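Novice: only geometry, no sequence info:
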């Protein structure tokens, strides 16, 4: 039975309880009303109030007794898991409903296969009389052979409406208007302009707390437990407390956060002020289930609304989540977990500990080592050694940058060597040439098309030439997108320096490492295999700082020399200006 597959889930409803209470009495006349969001746009004629008035008058005028309304407000006609419809069908199957009356046939539904099964098989089997007032349908007088055709037109109406709505949504989404109906937790709509988002400060503080806990090395499960212990209300409970309606059921435990809720908050770009459209799609107008789109299909519009989370923090959280710090089976983790990379094979180093290990015995080894049976060597390094090494280096970097910021900026900028500058210039030339050729191909394709229409070239020749042009153009577009990405990355170098400086300025002194400090400063730590050729164990460790990479901190003698050279350059510039003024 087709319709059974569509509404096999029974939904408890007040109407069902009322039906069961009078089950042994005279049969009920069901007055069924349905209104979808699309129908509501067509005016008052299809409103629930209007449908009820028409049905009540018809029932009274034609002597139908024991009437009861079954209503589905805001439900599409192509789906049949509607609460009112399900409750009515419970009454049909129990034998308490023997007559169903609707305003017009499309109110029952717009899926021709399901409606056909209902009319021709199910209503017949249960002895139900079906009446559609405006369409002059009464199953007691026999069903017209034209009804299946009417069902087809009803379904086409839904399909056409769906296509129109989709076109409107595409236009809105491509113009940067947010498509999401449910704003991310932490935002609210501007009462004066529904397209604008305002920060809900109370909720935003919860969002910032979640990001801070993630920066402190906590995973979603740990964050949830901390929030629950602190009595922080869940999203549903928070909305309930401020009187905001939500379709989600109220939580049984007001402060018990789910891992999925926290994951969703940690990955949403909206928190840095961006609008993200086309995250999901539906298969068809009949199947409303949301399907996730590939991120490459998303449309991202930057700086649409006020941010809640700093962009640098959001980006760092995404990196942290790529290398999740999972607890060992002994319930331990390290602030360096997920950051250590093998210099030889590129795999992460695995944190090793046990119940009997002291802090001095806990260490990292290459994930490809596998007790000397893997494809890489051990790359062993103790956590205690790392803590001392990284703390010392961060302290030196902090002192260097805070005292000699101008020298630090100069040193970072020197990373752009002459060869890199030439490479960037070459990329720019290549990008310009590709854009010019893409435009030329558009013109050529137009000319070939016109020649084909005019009969100056054969269809076979047109297909061959157009295919060649399209193939070349697709390749050029792909290559130019890659070049544009690389050029944009180069433009970010100055911004990256400023980002790192903003991190440094938040600290005046660091005496102990925490997960937050490590995540603020460090992108990754590359560990090399130990070298014992000198008779001593020597191991190279490279610390890559967020946004700026490796920082070579000058020693005291080098710093004196750098300051001396800078002073000489400044004096030379002043003397040069003086000579020009005299001349």
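Specialist: Sure, I can see it. Because the structure is a prediction, the values reported are computed rather than measured. Numbers count the residues shown, from 1 in each chain.
Novice: switch to C-alpha atoms for all contacts and neighbour counts from now on
Specialist: OK.
Novice: what are the ranges of the strands in the stretch 351-500 of the chain?
Specialist: Using DSSP state E, counting those that start in this stretch, the strands of the stretch 351-500 of the chain run over 363-366, 381-382.
Novice: show me what whichever strand or helix holds residue 211 is packed against.
Specialist: Taking DSSP states H and E as the criterion, the element that holds residue 211 is helix 201-215. Judged by 3 or more Cα pairs under 8 Å, 6 or more residues apart in numbering; DSSP states H and E, helix 201-215 is in contact with helix 220-229, helix 259-267, helix 311-322, helix 515-521.
Novice: what about 7 Å?
Specialist: Judged by 3 or more Cα pairs under 7 Å, 6 or more residues apart in numbering; DSSP states H and E, the packing partners of helix 201-215 are helix 515-521.
Novice: report all helices and strands that the helix it packs on contacts.
Specialist: Partner elements for helix 515-521 (3+ Cα pairs under 7 Å, 6+ apart): helix 201-215.
Novice: next one: the helix it packs on to chain centre, how far?
Specialist: 18 Å (Cα atoms, centre = their mean, to the nearest Å).
Novice: quick check: mean pLDDT of it?
Specialist: Per-residue pLDDT over helix 201-215 has a mean of 92.
Novice: that helix to helix 311-322, inter-axis angle?
Specialist: Angle, helix 201-215 to helix 311-322, by axes from the mean of the first three to the mean of the last three Cα atoms, to 10 degrees: 50 degrees.
Novice: helix 201-215 vs helix 259-267, what angle?
Specialist: Using the same axes, to 10 degrees: helix 201-215 against helix 259-267 is 90 degrees.
Novice: which of the residues in the helix holding residue 211 are buried?
Specialist: 203, 204, 206, 207, 208, 210, 211, 212, 213, 214, 215 (16 or more other Cα atoms under 10 Å).
Novice: state the distance from the closest residue to residue 292 other than its chain neighbours to residue 555.
Specialist: Spatial nearest neighbour of residue 292, excluding adjacent residues (Cα to Cα, 6 or more residues apart in numbering): residue 280 at 4.4 Å. Per Cα to Cα, to the nearest Å, residue 280 is found 54 Å from residue 555.
Novice: the more surrounded of those two?
Specialist: residue 280 (14 against 10; other Cα atoms under 10 Å).
Novice: quick one: that one and residue 290 touch, right?
Specialist: Yes - contact status for residue 280 versus residue 290: in contact at 6.0 Å, counting by Cα atoms under 7 Å.
Novice: related to what we said a few turns ago, now for the residue nearest to residue 292: which residues touch it?
Specialist: By Cα atoms under 7 Å, 6 or more residues apart in numbering, the residues touching residue 280 are 290, 291, 292, 293.
Novice: can you list phi and psi of it for me?
Specialist: phi -130, psi 170 (degrees, to the nearest 10).
Novice: can you map out the helices along the stretch 451-583 of the chain?
Specialist: Per DSSP state H, counting those that start in this stretch, the stretch 451-583 of the chain carries helices over the ranges 459-504, 515-521, 556-582.
Novice: ranking these by mean pLDDT, which is last?
Specialist: helix 556-582 (a mean of 60).
Novice: report the contact partners of residue 78.
Specialist: With contacts defined as Cα under 7 Å, 6+ apart, the neighbours of residue 78 are 109, 110, 111, 286.
Novice: okay, now the first one: neighbour count?
Specialist: Look at residue 109: counted by other Cα under 10 Å, it has 21 neighbours.
Novice: excluding its backbone neighbours, what's nearest it?
Specialist: According to Cα to Cα, 6+ apart, the nearest residue to residue 109 is residue 77 (4.2 Å).
Novice: that neighbour touches residue 105, doesn't it?
Specialist: No - in terms of Cα under 7 Å, residue 77 does not count as a neighbour of residue 105; the distance is 10.7 Å.
Novice: rewinding a little: let's see if you can find the most crowded of the contacts of residue 280.
Specialist: residue 293 (13 neighbours).
Novice: how much space between that residue and residue 67?
Specialist: 47 Å.
Novice: what's the closest non-adjacent residue to residue 508?
Specialist: residue 398 (7.9 Å).
Novice: nope, residue 69 is what I was after
Specialist: residue 31 (4.7 Å).
Novice: for that neighbour, give me its contacts.
Specialist: So residue 31 contacts 55, 67, 68, 69, 70, 100, 101, 102 (Cα under 7 Å, 6+ apart).
Novice: closest to residue 252 out of those residues?
Specialist: Set against residue 252, the nearest of the contacts of residue 31 by Cα to Cα is residue 70 (29.5 Å).
Novice: helix, strand, or coil at the closest one?
Specialist: Following DSSP: H, G, I helix; E, B strand; the rest coil, residue 70 is assigned to strand.
Novice: list the contacts for it?
Specialist: Residues in contact with residue 70 (Cα under 7 Å, 6+ apart) are 30, 31, 32, 33, 84, 85, 88.
Novice: so where's the stretch 151-300 of the chain uncertain?
Specialist: Counting by pLDDT under 70, the stretch 151-300 of the chain contains low-confidence ranges at 246-251, 285.
Novice: where along it do the strands fall?
Specialist: 187-190, 193-199, 275-277, 280-282, 290-292, 299-301.
Novice: deepest of the ones you listed, which one?
Specialist: strand 275-277 (a mean of 22; mean count of other Cα atoms under 10 Å).
Novice: packing partners of it?
Specialist: Short answer (3+ Cα pairs under 7 Å, 6+ apart): strand 275-277 packs on strand 299-301.
Novice: can you list the strands that the strand it packs on pairs with?
Specialist: When pairs are called by DSSP bridges, strand 299-301 turns out to pair with strand 275-277 (antiparallel).
Novice: check the offset of the strand it pairs with from the chain's centre.
Specialist: The mean C-alpha position of strand 275-277 is separated from the chain mean by 8 Å, Cα atoms, centre = their mean.
Novice: ditto for stretch 60-77
Specialist: 41 Å.
Novice: pull out the buried positions in that stretch.
Specialist: In stretch 60-77, residues buried by neighbour count (16+ other Cα under 10 Å) are 67, 68, 69, 70, 71, 72, 73, 75, 76, 77.
Novice: same question, stretch 377-388
Specialist: Those would be 377, 378, 379, 380, 381, 382, 383, 386, for stretch 377-388 by 16+ other Cα under 10 Å.
Novice: ditto for stretch 348-361
Specialist: 348, 349, 350, 351, 352, 353.
Novice: cool, and stretch 147-158?
Specialist: Buried-residue list, stretch 147-158, by 16+ other Cα under 10 Å: 147, 148, 150, 151, 153, 154, 155, 158.
Novice: list the contacts for residue 539?
Specialist: Contacts of residue 539 (Cα under 7 Å, 6+ apart): 528, 529, 530, 531.
Novice: next, format the residues you listed as JSON lines and append neighbour count.
Specialist: Shown next, in JSON lines, are those (neighbours: other Cα atoms under 10 Å):
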{"residue": "528", "neighbour count": "20"}
{"residue": "529", "neighbour count": "19"}
{"residue": "530", "neighbour count": "17"}
{"residue": "531", "neighbour count": "12"}
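Novice: and the two most separated of those residues?
Specialist: Going by Cα to Cα, the pair spanning the contacts of residue 539 furthest: 528 and 531, at 8.8 Å.
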